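In: below: sequence and its predicted model.
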Amino acid sequence: MHIGTLGAGTVARAIARHAVASGHHVILSNSRGPASLAAAVGDLGPLARAGTPEEAAAAELVVLAVRWPQIPAAVASLPPFDGRIVIDATNQFADPPSHSAIVDLGELTGSEFVAAHLPGARVVKAFNSLYGQYIAADPRHPAGRQVLFLAGDDPDAKSTVEELASDFGFAPVDLGSLREGGRLMQLGGPLSGLHVLKQD
Ligand SMILES: NC(=O)c1ccc[n+]([C@@H]2O[C@H](COP(=O)([O-])OP(=O)(O)OC[C@H]3O[C@@H](n4cnc5c(N)ncnc54)[C@H](OP(=O)(O)O)[C@@H]3O)[C@@H](O)[C@H]2O)c1
């Protein structure tokens, strides 16, 4: 599979590392341009390269891993997604940090907000509920595999992400729709920051 990342920080690089280890091709992108990512892609090896956000967003599966306030700028000039899958790894941290520190979208969940910014994308929320070090680490432990919660409104898209996550070594757990499952996983939800292992 060809996977593009919008953002090339902690989360994008951790996912990219699992992806190349599983034999996938990765395009990392950020706002500063491909040249700024030379060291990062060198570190990931020959299956990784740097590209523009437009090139990354053209991949068959795209990972959105920018900070919450960066989302509108990161997706504004991208062409329609035409049914391609976007993994939304973001968390709605307020910026600048406010009293509550979480952006209040009312009834809307974070990934529904993200989906509204990505016309034609099949959005699957995943990886956001794990701390970065647990995304980066080998998810296979003697006591079981690291659980990866996911949510989305398209069953086929979720199956693809579940397969990918299983290849990485995670134990995917489908929580349902972006509205119901997304609420459980997002900041303030009961599964946000919950790190559990699943025995096979
Ligand atoms: N870190 C964690 O433990 C963790 C865990 C789970 C979920 N998350 C969530 O995942 C998201 C990413 O977190 P992170 O820790 O990876 O953040 P990060 O290390 O700050 O990385 C953000 C990346 O986004 C890029 N970026 C900024 N503006 C952009 C734009 N307009 N277009 C394309 N790329 C742009 C930045 O590069 P340039 O500035 O060079 O453009 C940077 O590479 C956040 O929403 C966070 O809440 C984080």
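Out: Structure received.

In: drop to CA atoms for contacts and neighbour counts, all remaining ones
Out: OK.

In: now Arg66: closest residue in space, sequence neighbours ignored.
Out: Not Arg; residue 66 is Val. Using CA to CA, 6 or more residues apart in numbering and skipping the chain neighbours, the partner closest in space to Val66 is Gly7 (5.0 Å).

In: buried set for the strand ranked longest in the chain?
Out: The longest strand of the chain (DSSP state E) is strand 144-152. Within strand 144-152, the residues that count as buried by 16 or more other CA atoms under 10 Å are Arg145, Gln146, Val147, Leu148, Phe149, Leu150, Ala151, Gly152.

In: and it, what does it pack against?
Out: Secondary-structure packing of strand 144-152 (3 or more CA pairs under 8 Å, 6 or more residues apart in numbering; DSSP states H and E): strand 122-126, helix 155-168, strand 171-174, helix 180-185, strand 197-198.

In: out of these, which gets nearest to the ligand?
Out: Between the ligand and these, the shortest gap by CA to the nearest ligand atom is with strand 122-126, which sits at 8.7 Å.

In: circling back to that earlier point, OK, contacts around the residue nearest to Val66?
Out: Going by CA atoms under 8 Å, 6 or more residues apart in numbering, Gly7 touches Leu28, Ser29, Asn30, Ser31, Leu64, Ala65, Val66.

In: what does the chain put close to the ligand?
Out: Listed as neighbours of the ligand in the chain under the rule CA under 6 Å from any ligand atom: 6-12, 29-32, 53, 65-68, 70, 73-74, 89-91, 127-132.

In: which residues does the closest residue to Leu175 other than its chain neighbours contact?
Out: Nearest non-adjacent residue to Leu175, counting by CA to CA, 6+ apart: Gly181, 4.6 Å away. Counting by CA under 8 Å, 6+ apart, Gly181 makes contact with Leu150, Ala151, Gly152, Asp174, Leu175.

In: with His18 instead?
Out: His18 touches Ala136, Phe168, counting by CA under 8 Å, 6+ apart.

In: quick one: distance of the host helix or strand of it to the chain centre.
Out: Assessed by DSSP states H and E, His18 sits inside helix 10-21. Distance, stretch centre to chain centre, for helix 10-21: 10 Å (CA atoms, centre = their mean, to the nearest Å).
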